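# Sequence first, then the predicted structure, then my questions.
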Amino acid sequence: MILGWLLSATVYAFHISGLHPIPGHSDETIYCRGILIPSDSFVYSTKPATVNSSDCRERIRENPDVKARKSADDPAFPECGSLFRAANQSKYEIIWIAVTRYRTIAITSHDTSVAHYGGVGYDFNTEGHEPAPVAVRMATFNAMPKLELHAHLNGCVRSSTLLELYLERGCEGRISNSDLECLILKEDRSLTECFRLFPVIHALTTDHAIVKRITKEAIEDFIRDNVVYLELRTTPKSNEAYGMSKRSYVEAVLAGFEAAEVSYNTKEEDSRSKHLMQVRLLLSIDRRESTEEAMETVELAWELRCRGVVGIDLSGDPVIGTWKTFLPALMRAKQLGVPLTLHCGEVPNSEEVRAMIALKPNRLGHVCCLEEEEWKYLLDSGIPVEVCLTSNVSTESVPSVTDHHFGLSEIELLLIAKSAVNYTFADDMTKLALHRIFDDALEKMQGVKSTSEG
Ligand SMILES: CNc1ncnc2c1ncn2[C@@H]1O[C@H](COP(=O)(O)O)[C@@H](O)[C@H]1O
């Protein structure tokens with residue numbers, strides 16, 4: 001019984017990117033984790049400002065919901081103002097922000113002039129201050145093609161698989177049963193708890209066969225969510241006890257890619273098999289690693305560039321490690337022309353945030369905790385940001401899902417998702433094919449819309 005319950009909790013606990021309703025909310029509305037799939041995958045670009053920041057701020061102040069939540073003593077609110085100022089000064093348009101006591105997240109876009117705060121949409125092109133929330137149906141999100149550009153393999157392991165492995169082999173004394181259950185059942189985890197959980201997962205996903213299995217399952221789950229292009233990232237690991245080197249680990253992941261394609265293609269009765277999902281791999285450097293280990297990962301990415309490895313990621317517990325350790329490897333990646341994405345500003349760290357932006361990586365991930373000056377610097381740099389909304393909610397970096405929802409129309413969401421194609425690490429042919437998928441979906445959506453309006 002407990003196991004059944006644990007299994008049914010799968011999607012909430014581990015499959016962070018799952019397209020599933022949040023308990024207590026209707027699955028007919030946008031208030032669901034599903035909306036966060038595309039948003040996790042979105043990459044936003046920037047463009048000259050069209051929004052008057054003081055007007056924008058006034059409208060936010062006038063919303064009683066926001067006032068109730070952001071009381072005067074909440075240090076986050078002034079931060080919001082400075083964000084608008086930064087955007088205005090640097091002539092970028094902010095379409096969406098989320099401010100919590102600790103973090104501020106902003107999204108800029110060239111596709112729309114809609115801004116959001118506290119889960120309520122405001123159309124800056126219209127008169128009046130009425131909030132304009134838009135309910136979007138789950139079915140639409142299921143059907144919508146999606147790009148997933150920020151998925152950590154060991155963060156996507158099904159809870160059912162973890163439990164199965166745990167029951168089979170235990171957890172090598174690293175964690176008690178009750179601790180494991182507690183971690184699995186807890187829907188939202190602080191960053192600290194997250195990094196307590198990863199070693200537990202790693203202790204279970206040790207050998208090549210398991211790495212292949214979790215890769216295949218993760219891909220199948222993304223296919224089910226109608227992701228059409230996936231950049232999966234994972235940290236190559238060596239583990240003598242299992243005869244594993246960094247290279248053989250990556251080989252096991254690539255074997256998982258192949259296995260997923262086979263099982264996917266054989267399910268001909270499944271209409272989703274008409275889509276062929278494109279999968280690419282980024283190799284992550286963990287912040288606990290040494291310069292030499294980081295360098296080995298970069299060389300591996302270069303060697304395996306013809307087999308689907310398209311980039312390097314720097315990730316891991318943001319309070320561990322120092323920037324200088326990884327710099328030689330990141331510079332080497334740049335020298336080789338291997339695309340780079342860096343986890344940036346998950347916790348306040350001005351010096352590092354500045355150094356990361358100065359390195360001019362191809363993308364930055366999370367980018368939650370920035371000082372006003374750093375925001376300006378980021379906006380000036382024009383570096384696309386992987387805005388990891390699902391993760392930020394799960395790790396309690398932002399207060400709730402409703403504080404995150406976009407309130408955009410279905411077509412606007414699709415357009416934003418489409419714009420992310422330009423920031424994938426895919427080749428031009430793949431980008432073209434992806435643009436076509438989005439154009440088809442857009443055409444269908446517009447057709448449905450005009451029929452229902454007619
Ligand atoms: C929540 N925000 C985050 N911030 C930073 N790094 C994260 C992360 N979430 C996951 N990882 C990184 O991904 C590893 C697990 O997948 P792989 O073993 O690589 O497949 C974690 O150990 C951590 O290094």
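Happy to help now that I have it. Numbers count the residues shown, from 1 in each chain.
# The host helix or strand of residue 442: which residues count as buried?
Taking DSSP states H and E as the criterion, residue 442 maps to helix 428-453. Going by neighbour count (16 or more other CB atoms under 10 Å), the buried part of helix 428-453 is 430, 433-434, 437-438, 441-442, 445. Quick note: C-beta positions are derived from backbone N, CA and C, even for glycine.
# Three-state assignment for residue 319, please.
Under DSSP: H, G, I helix; E, B strand; the rest coil, the three-state class of residue 319 is coil.
# Tell me which residues touch it, please.
residue 347 (CB atoms under 8 Å, 6 or more residues apart in numbering).
# follow-up on the earlier one: from the buried residues of helix 428-453, which single one is nearest the ligand?
Proximity of these to the ligand (CB to the nearest ligand atom) peaks at residue 430, which lies at 22.9 Å.
# Kindly give the local confidence score, pLDDT, for the closest one.
For residue 430, the pLDDT comes out at 88.
# The residue lying closest to it once chain neighbours are set aside and residue 342, how far apart?
Nearest non-adjacent residue to residue 430, counting by CB to CB, 6 or more residues apart in numbering: residue 278, 5.8 Å away. Between residue 278 and residue 342 the computed distance is 23 Å (CB to CB, to the nearest Å).
# How about residue 419?
21 Å.
# And the two? Which one has more around it.
Per other CB atoms under 10 Å, whichever of residue 419 and residue 342 has more neighbours is residue 342, with 28 against 20.
# Direction included, what does the helix or strand hosting the more buried one pair up with?
Assessed by DSSP H and E, residue 342 sits inside strand 340-344. Strand 340-344 sits in its sheet next to strand 309-315 (parallel), strand 363-366 (parallel), going by DSSP bridges.
# Do you know the pLDDT at the closest residue to residue 348 other than its chain neighbours?
Sequence neighbours aside, residue 369 is the residue nearest to residue 348 in space, at 4.4 Å (criterion: CB to CB, 6+ apart). In this model, residue 369 is scored at 77, pLDDT.
# what about residue 229, is that helix, strand or coil?
Classified using three-state DSSP, residue 229 is strand.
# thought it was touching residue 434?
Yes - using CB atoms under 8 Å, residue 229 is in contact with residue 434, at 5.5 Å.
# who touches both of these two?
147, 278, 421, 424, 426.
# who touches the third one in this structure?
When you say that, I think you mean residue 421. Applying CB under 8 Å, 6+ apart, the residues near residue 421 are 147, 229, 431, 434-435, 438.
# Format those as JSON lines; extra columns: distance to the ligand.
Shown next, in JSON lines, are these (distance: CB to the nearest ligand atom, whole Å):
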{"residue": "147", "distance to the ligand": "19"}
{"residue": "229", "distance to the ligand": "19"}
{"residue": "431", "distance to the ligand": "25"}
{"residue": "434", "distance to the ligand": "24"}
{"residue": "435", "distance to the ligand": "29"}
{"residue": "438", "distance to the ligand": "27"}
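# mind listing what the helix or strand containing residue 232 pairs with, with the direction of each?
Per DSSP H and E: residue 232 is located in strand 227-234. Strand 227-234 has its sheet partners listed here by DSSP bridges as strand 146-152 (parallel), strand 278-286 (parallel).
# one step back: show the buried residues in the shared contacts of residue 229 and residue 434.
Using 16+ other CB under 10 Å, the buried ones in the shared contacts of residue 229 and residue 434 are 147, 278, 421, 424, 426.
# of these, closest to residue 354?
For those, the residue nearest residue 354 by CB to CB is residue 424; the value is 26.4 Å.
# any idea how far the ligand is from the closest one?
19 Å (CB to the nearest ligand atom, to the nearest Å).
# Now do the domain split for this structure, please.
Split into domains by automatic domain parsing, the chain comes to 33-136, 145-159+205-434.
# Mean pLDDT lowest where, among the ones you listed?
Across these, domain 33-136 gives the lowest mean pLDDT, at a mean of 31.
# and the stretch 101-250 of the chain, which of its residues are near the ligand?
With CB under 6 Å from any ligand atom as the criterion, the stretch 101-250 of the chain meets the ligand at residues 152-155, 194, 198, 234-235.
# now, the most widely separated pair of the residues you listed?
Across these (CB to CB), the longest gap, 16.0 Å, separates 194 and 234.
# who has more neighbours, these two?
Taking other CB under 10 Å, residue 194 and residue 234 do not tie; residue 234 has more neighbours (27 against 18).
# Count the neighbours of the residue lying closest to that one once chain neighbours are set aside for me.
Nearest residue to residue 234, sequence neighbours excluded (CB to CB, 6+ apart): residue 153, at 3.7 Å. Neighbour count for residue 153, taken as other CB under 10 Å: 22.
# Kindly report the same for residue 218.
Residue 218 has 29 neighbouring residues, counting by other CB under 10 Å.
# That one falls within a helix, correct?
Yes - under three-state DSSP, residue 218 sits within a helix.
# how far away is it from residue 352?
For residue 218, the distance to residue 352 - CB to CB - is 29 Å.
# Likewise for residue 251?
According to CB to CB, residue 251 stands 33 Å off from residue 352.
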